[in-house]
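Visitor: based on what follows, work out the 3D shape:
(one chain, ligands or ions: 1)
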Amino acid sequence: MASRRNLLKIGVVSAVSFVITACTKAVSGSSEPTSEPAVEDTQTPSQGGEVVIAQVSALVAGEGFNFTANDGTDAILFKTKDEKVYALSRICTHEGCSVNFDLVQNKLICPCHGATYEAPDGNVISGPTQRNLKKINVKIDGDNVLEVV
Ligand code: FES
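Guide: Below you'll find the predicted structure:
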């Protein structure tokens, strides 16, 4: 009989402990410890209608960096060897496929019908379109590349 009482006490203590823990987590609003994100959110609104796209020091000259422009356009950012930055829409002006940057050929190529565009200007080289890629205004401020909105 004594062992049955002890088992009952243990059960009650466990149940009370479970309820207290559940209530504490509900009040704090979190069941897991929070930590800082591993990757910094670079699309943070800045002052004066400017949005941080990336850090200049993280960009590799001659390579493209894909991002979403402020208006939702799928876009690509370039840093040239002389540290200038350019951004273009990735939306092909033929029928709207997303162009890709080809590092070896240093141009943007549409996978759908083969249109090609100059990097970093976005001017048409060849293909079924005659319209250049839309330019996105960017500037450098310290180590930040900002989209000018
Ligand atoms: S959609 Fe790009 S070439 Fe046709």
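Visitor: can you count the residues close to N123?
Guide: 12 (other CB atoms under 10 Å). Where you see a C-beta, it was placed from the backbone N, CA and C, and this is true even at glycine.
Visitor: list the contacts for it?
Guide: 117, 132 (CB atoms under 8 Å, 6 or more residues apart in numbering).
Visitor: look at it and report its pLDDT.
Guide: On the pLDDT scale, N123 is placed at 98.
Visitor: and V12, by the same measure?
Guide: 38.
Visitor: how about the residue lying closest to A115 once chain neighbours are set aside, phi and psi?
Guide: Counting by CB to CB, 6 or more residues apart in numbering, the nearest residue to A115 once its immediate chain neighbours are dropped is G127, at 2.8 Å. Dihedral angles of G127 (phi, psi; degrees, to the nearest 10) stand at phi 130, psi -180.
Visitor: and S57, by the same measure?
Guide: Taking degrees, to the nearest 10 as the convention, S57 sits at phi -60, psi -20.
Visitor: circling back to that earlier point, burial count for the residue nearest to A115?
Guide: 18.
Visitor: residues in contact with it?
Guide: So G127 contacts 94, 110, 113-116 (CB under 8 Å, 6+ apart).
Visitor: residues in contact with I125?
Guide: I125 makes contacts with 107, 116-118, as judged by CB under 8 Å, 6+ apart.
Visitor: and the strands in the protein?
Guide: 50-55, 64-68, 74-79, 85-89, 100-102, 107-109, 116-118, 124-126, 135-136, 138-141, 144-148 (DSSP state E).
Visitor: adding distance to the ligand, write the ones you listed out as TSV.
Guide: Formatted as TSV, those follow (distance: least, CB to the nearest ligand atom, whole Å):
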stretch	distance to the ligand
strand 50-55	24
strand 64-68	17
strand 74-79	13
strand 85-89	12
strand 100-102	11
strand 107-109	9
strand 116-118	9
strand 124-126	10
strand 135-136	18
strand 138-141	23
strand 144-148	24
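Visitor: is it possible to mark the buried ones in the contacts of G127?
Guide: 94, 110, 115-116 (16 or more other CB atoms under 10 Å).
Visitor: the residues you listed into JSON lines, with extra columns for pLDDT and distance to I53?
Guide: Conversion of the buried ones among the contacts of G127 to JSON lines gives the following (pLDDT from 0 to 100; distance: CB to CB, whole Å):
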{"residue": "H94", "pLDDT": "98", "distance to I53": "26"}
{"residue": "C110", "pLDDT": "98", "distance to I53": "23"}
{"residue": "A115", "pLDDT": "98", "distance to I53": "25"}
{"residue": "T116", "pLDDT": "98", "distance to I53": "24"}
